[in-house]
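1. can you look at this prediction? I've put the sequence above it.
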Amino acid sequence: MDEADASGPAAPPANPPAIPRRVHCGPAWMVTEGARIAVPVVPNFHFDDPDLGRVKARGLLLARRLGRLFVYANVCRHIPLTLDLGDGEVAGLESATFLCHHHGARFRIEDGRCISGPCEGESLVAIPHVVEDGELIVLLPSG
Ligand code: FES
């Protein structure tokens with residue numbers, strides 16, 4: 001058995017930099033042009049919102065529009081609920097928006113901004129992401 005170093009292990013830094021968790025979501029091509037879908041993410045994640053405080057997100061909103069992929073936390077800005085009713089449905093009649101199925105808020109895909117509904121003017125929380133070798137990787141807040 002090795003003898004322990006008398007000085008012990010080095011203490012961790014007081015405030016280590018937050019390292020985002022990389023979560024593999026699958027092939028990016030599965031989000032086809034015009035798609036608007038809600039997907040669960042395991043594990044769930046939290047983020048800090050200036051208005052709502054610490055918010056738990058139970059999944060992501062994915063969309064592809066004009067070739068670009070958009071990723072948001074699936075948390076409505078009216079009340080911190082998922083936009084869908086548990087069925088993954090977040091599409092409305094318009095192709096350019098996500099629809100919250102609780103009270104009808106509509107969020108523009110391009111920037112997540114609510115353009116009508118009880119939280120008009122507020123925005124969905126964008127989630128950083130990358131596509132590597134055709135695979136979608138989201139960078140979730142740690143903790
Ligand atoms: S919870 Fe989304 S519009 Fe009310």
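-> Noted; the coordinates are in hand.

2. secondary structure element holding the spatially closest residue to A18 that is not a sequence neighbour?
-> Take A18 and drop its neighbours on the chain: the residue closest to it by CB to CB, 6 or more residues apart in numbering is S142, 5.2 Å away. No exception for glycine: its C-beta is placed from N, CA and C like everyone else's. Applying DSSP states H and E as the criterion places S142 outside every helix and strand.

3. how many other residues sit next to S142?
-> Neighbours of S142 under the rule other CB atoms under 10 Å: 12.

4. so it makes contact with V23?
-> No - with contact defined as CB atoms under 8 Å, S142 does not reach V23; the gap is 11.2 Å.

5. how close does the most centrally placed residue in the chain get to the ligand?
-> The residue lying closest to the centre of the chain (CA atoms, centre = their mean) is A73, at 2.7 Å. Here A73 is placed at a distance of 13 Å from the ligand (CB to the nearest ligand atom, to the nearest Å).

6. give the contact list for that residue.
-> 45, 47, 55, 57, 60-61, 124-125, 127 (CB atoms under 8 Å, 6 or more residues apart in numbering).

7. neighbouring contacts of stretch 35-45?
-> 21, 23, 25, 31, 56-64, 73-74, 82-84, 88-91, 97-98, 109, 138, 140-141.

8. could I have the buried ones of the residues you listed as ChimeraX selection syntax?
-> Per 16 or more other CB atoms under 10 Å, the buried members of the contacts of stretch 35-45 correspond to this ChimeraX selection:
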select :23,25,31,57,58,59,60,61,62,63,64,73,74,82,83,84,88,90,91,97,98,109,138,140,141
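
9. the contacts of stretch 35-45 in helices, which ones?
-> The members of the contacts of stretch 35-45 all map outside helices under DSSP state H.

10. give me the subset of the contacts of stretch 35-45 lying in strands.
-> Of the contacts of stretch 35-45, the ones assigned to strands by DSSP state E are 21, 23, 25, 56-57, 60-64, 73, 97-98, 138, 140.
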